[in-house]
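> give me a 3D structure for the following:
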Amino acid sequence: MDGVPVHRNQLILGIESSCDETAAAVVDGAMEVRSSVVASQHDLHAEYGGVVPEIASRAHLERILPVVRKALSEADVSVGQLAAVAAGVRPGLIGSLLVGASAAKGLAFGAMLPFYAVDHVAAHLFAGLLRPTGAGEPPAGADRFPALGLVVSGGHTSLFHLETSGRCELIGRTIDDAVGEAFDKAAVMLGLGHPGGPNLERCARGGDPGAMAFPLPRLASPLDFSLSGLKTKLLYEIRGVPRGRGAAASFERDHLALTEGRRRDLAASFQRAAIAQVLDRLDAARARFETRCLFVGGGVVANESLRAALHGWASRNGCGLVLPEAAFCVDNAAMIAGHAQIRRAAGERGDPLSVPTEPVSLLARGAHPRRVH
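Model prediction:
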């Protein structure tokens with residue numbers, strides 16, 4: 001397959017710390033995940049209803065070395081057996097990114113190994129190529145391109161046209177909230193707590209997705225996304241129309257007035273509306289671009305309803321679907337190492353240690369559209 005490595009003995013250690021997961025993984029040249037360790041911080045941020053950057057970066061400092069050591073141990077490899085080290089350098093919380101990137105750079109420098117600076121969004125995009133240990137040889141797939149790429153996460157909802165695994169163009173993005181962010185905020189409105197997205201999905205089970213109608217936003221670009229209107233409609237349904245404006249605004253009720261059945265119906269309806277928008281944008285993109293396959297990644301892709309909808313879309317359109325396993329949808333280091341493997345197989349020798357960490361993805365904002373790192 002275009003850009004996919006084939007040498008099993010070429011091991012890359014990946015490190016990921018862009019938000020609130022401290023992760024390390026070892027991936028071989030056949031994209032087989034030899035180990036994947038993720039230390040979550042949900043317990044540290046639960047009382048705040050979201051991730052607190054300072055708490056996240058301090059937790060990364062405490063956990064980074066134990067997580068790296070565990071990943072190497074579970075893969076049964078030493079630093080001397082590695083071919084390279086990779087780290088996510090963008091996008092994310094700067095304090096968090098600095099911990100993982102600095103650890104990876106220090107390890108690469110000390111062991112005289114190549115260092116790959118990986119864009120988190122690009123890593124999500126091709127996470128579906130990762131394979132569990134013992135999964136056998138990777139399938140041939142050079143005919144997957146040209147393709148569409150979709151990243152649906154807490155920070156990004158972006159649509160790409162992929163000529164190859166190393167040549168892509170941003171063709172659509174959210175103009176306000178990402179789908180994952182909208183799910184998190186909807187969960188807060190419904191009184192579901194942190195982590196919002198998974199709690200919203202659980203609440204939606206058993207609910208009626210047709211109980212409340214949401215609009216399908218029509219934008220200047222038919223490939224862009226918008227979730228803010230859906231959130232506003234949900235807010236007014238739960239709390240009523242506000243009296244007054246700004247900080248002085250007040251509502252007539254809150255989520256405590258909802259019955260459990262109504263809460264489930266609203267969760268299911270909101271989830272359905274967001275997924276319907278994703279499918280609508282995919283339809284619009286397929287009408288414009290030749291598409292043999294759809295590559296999908298991002299934390300929201302762990303959502304079972306979205307996964308089922310994507311399978312249905314690919315089947316209806318006669319497209320292949322490259323979808324990561326649930327464990328590789330959420331932030332993880334295997335996708336970082338895997339993307340470095342794709343770049344290594346394409347002949348790239350790594351990046352200078354002076355590569356900075358950045359809060360924004362170059363790929364998701366449309367910069368350097370011919371490259372995915």
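> relative to S250, how far out is R239?
Between R239 and S250 the computed distance is 10 Å (Cβ to Cβ, to the nearest Å). For the C-beta atoms, the positions are set from N, CA and C on the backbone; glycine is no exception.
> now do L258
18 Å.
> check S165 too.
Using Cβ to Cβ, one gets 52 Å for the distance from S165 to S250.
> neighbour count for the two, which is higher?
Neighbours per residue (other Cβ atoms under 10 Å) separate S165 from S250, with S165 holding more: 26 against 9.
> the more buried one and F126, how far apart?
6 Å.
> likewise L44?
Applying Cβ to Cβ, the value for L44 to F126 is 30 Å.
> how about Q341?
10 Å.
> who's more crowded, those two?
Q341 (32 against 25).
> my guess is that one meets E32, correct?
No. Q341 lies out of contact with E32 (Cβ atoms under 8 Å); the separation is 9.9 Å.
> what sits opposite I15 in the beta ladder?
A24, A87 (DSSP bridges).
> end to end, how far does stretch 83-101 reach?
17 Å (Cα to Cα, to the nearest Å).
> in that stretch, what's buried?
By neighbour count with 16 or more other Cβ atoms under 10 Å, stretch 83-101 contains the buried residues 83-93, 95-101.
> of the residues you listed, which belong to strands?
Counting by DSSP state E, the members of the buried residues of stretch 83-101 that fall within strands are A83, A84, V85, A86, A87, G88, V89, R90.
> what helix or strand is I238 located in?
For I238, the element it lies in under DSSP states H and E is helix 228-239.
> any idea how the chain splits into domains?
Annotated domains of the chain cover 11-132+326-345, 143-322 [automatic domain parsing].
> ok now the last one, how far from the chain's centre?
Remark: domain 143-322 is offset 13 Å from the chain centroid, using Cα atoms, centre = their mean, to the nearest Å.
> so how far is the first residue of it from its last?
Using Cα to Cα, one end of domain 143-322 lies 13 Å from the other.
> quick check: A340 vs A117, distance?
Distance from A340 to A117, by Cβ to Cβ: 9 Å.
> hmm, I was thinking of D351
4 Å.
> which one of the two has more residues nearby?
Between D351 and A117, counting by other Cβ under 10 Å, A117 is the more crowded of the two (25 against 20).
> which residue ranges of the protein form strands?
11-16, 21-27, 33-40, 82-90, 115-119, 147-152, 157-164, 167-173, 293-297, 320-322.
> can I get those strands in CSV including mean pLDDT?
Shown next, in CSV, are these (pLDDT from 0 to 100):
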stretch, mean pLDDT
strand 11-16, 97
strand 21-27, 95
strand 33-40, 92
strand 82-90, 97
strand 115-119, 97
strand 147-152, 97
strand 157-164, 94
strand 167-173, 92
strand 293-297, 97
strand 320-322, 96
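> re earlier: want to throw the domains of the chain into CSV with distance to E358?
Formatted as CSV, the domains of the chain follow (distance: least, Cβ to Cβ, whole Å):
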stretch, distance to E358
domain 11-132+326-345, 4
domain 143-322, 13
